[in-house]
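this is a predicted model, with the sequence first.
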Amino acid sequence: MSLINDALQRVQAVQRARENSDHPTGVDWQPAPVPRSGPAPWILLASGMCLGAGLILVGFWWREHAREQTPAAAATAGAAAVIHGLALQSNPAPALPQTEASGVGVVPARADKPVGLANPPGPVAAASSDRSAAPEAPSPTPTPASPPTGQPEPSPADPLTGPVPLAVPDLKLQGLIYHPERPVAVLNHRSVGPGETVQGWTVVRIEPRCVIVTGYGRTNVLELP
């Protein structure tokens with residue numbers, strides 16, 4: 001047993017010597033520096049999405065702002081046009097002086113009479129004065145054309161005359177036999193039932209004490225005396 005223990009101790013001593021030769025002593029051990037990693041990919045993605053959403057919101061705001069400015073500019077232009085029109089109405093342009101008609105001739109200046117000429121004879125002067133003093137004859141007024149002879153003039157229509165209204169015949173209820181299914185009434189010596197006509201009157205309904213008729217645009221209720 002002692003031999004075996006000695007052999008084991010020698011083997012262990014050899015192994016320890018080998019281990020000491022593989023790892024020399026006196027080496028200064030230091031931790032290796034940890035490499036720094038960049039930003040995570042999801043952070044970059046979130047930043048890009050936020051930037052895109054911000055650009056979209058800015059675009060929508062700019063479009064709405066432009067739409068609001070367009071009606072305001074149109075209203076301002078319309079107000080300016082109205083103010084200009086009112087100013088023109090309050091201060092109209094001066095009217096140009098109207099010239100006389102071109103048909104009016106210019107009266108030439110009267111020449112002086114030559115010395116030695118006498119006045120025109122009396123009859124000629126009188127004739128000229130009569131012509132200037134004579135008034136213009138009035139133009140004849142047109143007379144209305146008379147109707148041809150032999151035809152009488154049409155008489156004006158009388159607005160009061162019109163179609164004579166027809167006389168509404170009078171009905172008298174002389175008798176009545178009431179039955180829920182077949183009632184009969186005697187009107188002007190004639191037996192009638194519902195729906196029949198007497199002198200333009202139509203029997204609408206027969207009741208125990210009266211008869212209802214219609215006609216000539218009215219409705220009458222006939223009762224027994």
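Cool, the structure landed. What you are looking at is a predicted structure, and each value in this text was computed from that prediction instead of being measured.

check the gap between Val211 and Ala17 for me.
151 Å (Cβ to Cβ, to the nearest Å). (Glycine included, C-beta is placed from N, CA and C.)

meant to ask about Arg63
Distance of Arg63 to Ala17, computed by Cβ to Cβ: 86 Å.

ok, Val213 next?
On the measure of Cβ to Cβ, Val213 and Ala17 end up 150 Å apart.

which of those two has more neighbours?
Val213 (24 against 10; other Cβ atoms under 10 Å).

does the more buried one belong to a helix, a strand or coil?
Assigned by DSSP: H, G, I helix; E, B strand; the rest coil, the conformation of Val213 is strand.

and for it, nearest residue in space, chain neighbours not counted?
Leaving aside its chain neighbours, Val213 sits nearest to Trp201 (4.4 Å; criterion: Cβ to Cβ, 6 or more residues apart in numbering).

residue contacts, that neighbour?
By Cβ atoms under 8 Å, 6 or more residues apart in numbering, Trp201 lies in contact with 169, 171, 187, 213-216, 220.

sheet partners, orientation included, of the strand or helix carrying Gln174?
Assigned by DSSP states H and E, Gln174 belongs to strand 173-177. Partners of strand 173-177 in the sheet, by DSSP bridges, are strand 184-187 (antiparallel).

what sits against the residue nearest to Val204 when sequence neighbours are not counted?
Spatial nearest neighbour of Val204, excluding adjacent residues (Cβ to Cβ, 6+ apart): Ile212 at 4.6 Å. Listed by Cβ under 8 Å, 6+ apart, the contact set of Ile212 reads 203-206, 219-222.

repeat the analysis, applying 6 Å as the threshold.
Each residue near Ile212 by Cβ atoms under 6 Å, 6 or more residues apart in numbering is listed here: 204-205, 221.

please name the bridge partners of it.
With DSSP bridges as the rule, Ile212 is bridged to Arg205, Val221.

need the contacts of Ile212 in CSV (columns: neighbour count, pLDDT and distance to Gly175).
Output for those, formatted as CSV (neighbours: other Cβ atoms under 10 Å; pLDDT from 0 to 100; distance: Cβ to Cβ, whole Å):
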residue, neighbour count, pLDDT, distance to Gly175
Val204, 15, 94, 18
Arg205, 13, 93, 17
Val221, 12, 93, 16
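
wait, which of these is closest to Leu3?
Arg205 (150.6 Å; Cβ to Cβ).

now that closest one: how far from Leu173?
13 Å.

again, but for Glu207
11 Å.

name the residue in the two with the higher neighbour count.
Leu173 (19 against 13).

hmm, Leu222 and the more buried one touching each other?
Yes. If you go by Cβ atoms under 6 Å, Leu173 and Leu222 touch, sitting 4.0 Å apart.

need the overlap of contacts for the two.
Common neighbours of Leu173 and Leu222 (Cβ under 6 Å, 6+ apart) are Val211.

low pLDDT regions in this protein?
1, 21-40, 69-166 (pLDDT under 70).

switch the cut-off to 90
1-49, 51-54, 57-171, 180, 224-225 (pLDDT under 90).
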